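Visitor: need a structure here:
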Amino acid sequence: MVGRARTVGFDGKPLKSELHHWWPKGLSKFWADEQGLVTRLSWDGKELKWATAVEPIFDDADNTLPLLVEQLQGLPIAPPDEVGSYIGRASAVDLDDGQRAILAEGIASLLIRCPNHRDMLHRSTESFFGRSGDEMHKPDQILIAGNIHHHYRQVVATLQAGGKFVLFRTASSEFIMGEGYYTTLNGAFQQSTHRCLVPLTPTLAVLAFRPLSYTVEPRVSTVTLTDEEVDIVNEVTQICTCDYLFYRSLPPKVTAEFTQREFLKIRIHPWLEEVMHSIAADPLPSRFHGAMLRDFTPERERVFRSEFFSDRKGRTRRLIALSFLLAAFAVLISIAFTGGLFAMAMPKQPAHGSGS
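Guide: Numbers count the residues shown, from 1 in each chain. Below you'll find the predicted structure:
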């Protein structure tokens, strides 16, 4: 069954939900080969052919997303441009509000139900019960189910509130699917900014993001990636998965991160930053140009992230200083204006002449 998650509870013992179905049947069919099966690649190089599965809590998304994906798959694929900027390579896609809502809800369902997110919920619940000294029995499943429902609604609301969708298409290579996704969406509350990268089919992946500032239109665009850029997307996928990868016909280049068998975290990736800033018409600072590193790892992210936010802090400090100057100028103008009014309102004293 496609997408069956392995989650470990207390003392490394598997939970009853370890055979939880998370990959929607309508979507997993896009990953099927000529025999109608999906190839699952384990961290140790073993392959297995899988069928399909479905989870009822996400019925709305599962029933509507596959049809929209089929329509998106039918969009023309432009030849990849290895020279032009991403905003120059992008083509606007006309999706109405209802279609964008379906896309947002479908992406949210994948983010929340995937084993990576479930693993985070199990660990946080385990930590909570461990701190309180209670044993984890039936209540943990109720708490986890409640968190999944809450997180799902919050992520749907965040994705539907605004931002941009970029449809990554492939001309010759293929995307892979993992047990997790690159995302900054945690589901605890509705977020004002976000970013996530979700492969939907071997030839279609979606980058959804909302920066602090961006041009509203086009809300949805498509960019055809080169084979090297597809490899970058697949490398990011391998950082966010633990035990298994899924592919259709082209086996991926296995990275060192995948063989660690951990759900690694990454919040900033230079290539994705370049794409998002270009599409949002908000260019990166010059010193970040050329930082598209294919061997980018969570360790190297720490340095890049420090530089990235230090530049933002510098801009913030300059804006604060300018705000103080403007405020001080406004105060001076106000004082001068008030003084002038006060002087005009004062009665004039009569002139006293000298007596003879």
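
Visitor: which residues in the stretch 151-300 of the chain form strands?
Guide: For the stretch 151-300 of the chain, strands defined by DSSP state E, counting those that start in this stretch occupy the ranges 164-170, 182-183, 194-201, 204-210, 220-225, 244-247.

Visitor: Same list (those) but as a markdown table, adding mean neighbour count.
Guide: Any C-beta I mention is one placed from the backbone N, CA and C, and that applies to glycine too. Putting the strands of the stretch 151-300 of the chain into a markdown table (neighbours: other CB atoms under 10 Å) gives the following:
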| stretch | mean neighbour count |
| --- | --- |
| strand 164-170 | 22 |
| strand 182-183 | 22 |
| strand 194-201 | 22 |
| strand 204-210 | 22 |
| strand 220-225 | 21 |
| strand 244-247 | 22 |
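
Visitor: Between the ones you listed, which one is closest to S334.
Guide: strand 204-210 (37.7 Å; CB to CB).

Visitor: can you list contacts of the closest one?
Guide: Strand 204-210 is contacted from outside by 69, 72-73, 103-104, 107, 158-159, 161-170, 175, 192-200, 233, 272, 275-276, 280, using CB atoms under 8 Å, 6 or more residues apart in numbering.

Visitor: still on that earlier bit, Throw the strands of the stretch 151-300 of the chain into JSON lines and include distance to N116, thanks.
Guide: Shown next, in JSON lines, are the strands of the stretch 151-300 of the chain (distance: least, CB to CB, whole Å):
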{"stretch": "strand 164-170", "distance to N116": "20"}
{"stretch": "strand 182-183", "distance to N116": "9"}
{"stretch": "strand 194-201", "distance to N116": "12"}
{"stretch": "strand 204-210", "distance to N116": "16"}
{"stretch": "strand 220-225", "distance to N116": "23"}
{"stretch": "strand 244-247", "distance to N116": "11"}
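
Visitor: Count the residues that sit near D231.
Guide: For D231, the neighbour count with other CB atoms under 10 Å is 16.

Visitor: Show the model's pLDDT score for the closest residue in space to it that isn't next to it in sequence.
Guide: Among residues not flanking D231 along the chain, K253 sits closest, at 6.5 Å (CB to CB, 6 or more residues apart in numbering). Per-residue pLDDT puts K253 at 88.

Visitor: What's the local residue count around the closest residue in space to L200 that isn't next to it in sequence?
Guide: Of all residues not flanking L200 in the chain, V69 sits nearest, at 5.5 Å (CB to CB, 6+ apart). Neighbour count for V69, taken as other CB under 10 Å: 21.

Visitor: what is the orientation angle of whichever strand or helix holds V69 with strand 164-170?
Guide: Assigned by DSSP states H and E, V69 belongs to helix 59-73. When axes from the mean of the first three to the mean of the last three CA atoms, to 10 degrees is applied, the directions of helix 59-73 and strand 164-170 differ by 60 degrees.

Visitor: Distance-wise, check the residue nearest to L68 when sequence neighbours are not counted relative to E262.
Guide: Of all residues not flanking L68 in the chain, I102 sits nearest, at 5.2 Å (CB to CB, 6+ apart). Note on I102: its distance to E262, by CB to CB, to the nearest Å, is 33 Å.

Visitor: Could you check which of the two has the larger neighbour count?
Guide: I102 (21 against 15).

Visitor: Just confirm that one is within a helix.
Guide: Yes: counting by DSSP: H, G, I helix; E, B strand; the rest coil, I102 is located in a helix.

Visitor: For this protein, give me the ranges with low pLDDT.
Guide: Scanning the chain with the threshold set as pLDDT under 70 gives 1-25, 50-61, 83, 125-142, 144, 282-317, 339-356.

Visitor: Look up phi and psi at the residue nearest to D231.
Guide: K253 adopts backbone torsions of phi -80, psi 110, taken as degrees, to the nearest 10.

Visitor: need the contact list for it.
Guide: Taking CB under 8 Å, 6+ apart as the test, what K253 contacts is 231, 234-235.

Visitor: mind checking how far it is from G45?
Guide: Distance from K253 to G45, by CB to CB: 13 Å.

Visitor: now E34
Guide: With CB to CB as the criterion, E34 and G45 are 23 Å apart.

Visitor: Same question for Q35.
Guide: 21 Å.

Visitor: can you list contacts of stretch 62-80?
Guide: Residues contacting stretch 62-80 (CB under 8 Å, 6+ apart): 24-27, 29-30, 54-55, 89, 91, 93, 99, 102-103, 105-106, 109, 167, 169-171, 200-201, 203-204, 222, 224-226, 229.

Visitor: buried stuff in that stretch?
Guide: By neighbour count with 16 or more other CB atoms under 10 Å, stretch 62-80 contains the buried residues 62, 64-66, 68-69, 72, 80.

Visitor: how long is stretch 254-263 end to end?
Guide: Its first and final residues considered, stretch 254-263 spans 15 Å by CA to CA, to the nearest Å.

Visitor: Could you report the neighbour count for R113?
Guide: 23.

Visitor: I'd assumed A145 was in contact with it.
Guide: No: the pair R113 / A145 is not scored as a contact, 11.7 Å apart, by CB atoms under 8 Å.
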